[in-house]
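**Q** Any chance you can model this:
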Amino acid sequence: MKEPELTAKILSWLQILRTRPYMVIPANSDSELLYESLAVYITGYLDGIGAATDKNLSTNIHRWHELQHGKSTSLPWHIAIRLLHEKASDKELCKLLLDDIKIYFKQNPNWQEAEDMPLRIWFEHMEDE
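**A** Below you'll find the predicted structure:
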């Protein structure tokens, strides 16, 4: 199935970030890409796409990430990646972040047409405590 045009452009941009991240995001003093820098950039990029397409893209990705990893959290998905992989280096975390976003768009090529995922009802988890 051919990917919609916007999804193809997003995947192309993610590939540029993977292969040439310093073209977009400055390195730290050790010439390394910091995970937080990439996470902030990606979050802003996705929020911009969400605003332009009238989709709650960040929430949809957050919910998808929870379903993929079987972990529910009130933390943003990019912070959850760091917590799920506590011992990973910044380089490994950057790869995981870009991989997750790529997989999201590959699995959901028609994300623009889909309904926004509902926000989780926080109280449903309180019954278990």
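
**Q** okay, which residue is most central for the chain?
**A** Compute the mean C-alpha point of the chain, and by C-alpha atoms, centre = their mean the closest residue is Ile101, 4.5 Å away.

**Q** mind checking the SS state of that one?
**A** helix (DSSP: H, G, I helix; E, B strand; the rest coil).

**Q** Give me the contact list for the lowest-mean-pLDDT helix or strand in the chain.
**A** One helix or strand of the chain scores below all others by mean pLDDT, DSSP states H and E: helix 57-69, with a mean of 87. For helix 57-69, the surrounding residues in contact (C-beta atoms under 8 Å, 6 or more residues apart in numbering) are 43, 46-47, 49-50, 72-73, 76-77, 80-81, 84, 100-101, 103-104, 107-108, 111, 114, 116-117, 119-120. (C-beta placed from N, C-alpha, C; glycine too.)

**Q** With stretch 85-92 instead?
**A** The contact list for stretch 85-92, computed with C-beta under 8 Å, 6+ apart, reads 32-35, 82, 93, 96.

**Q** Can you measure across it, start residue to end residue?
**A** This stretch, stretch 85-92, spans 9 Å end to end (C-alpha to C-alpha, to the nearest Å).

**Q** Any buried residues in it, and which?
**A** For stretch 85-92, a neighbour-count test (16 or more other C-beta atoms under 10 Å) marks Asp90 as buried.
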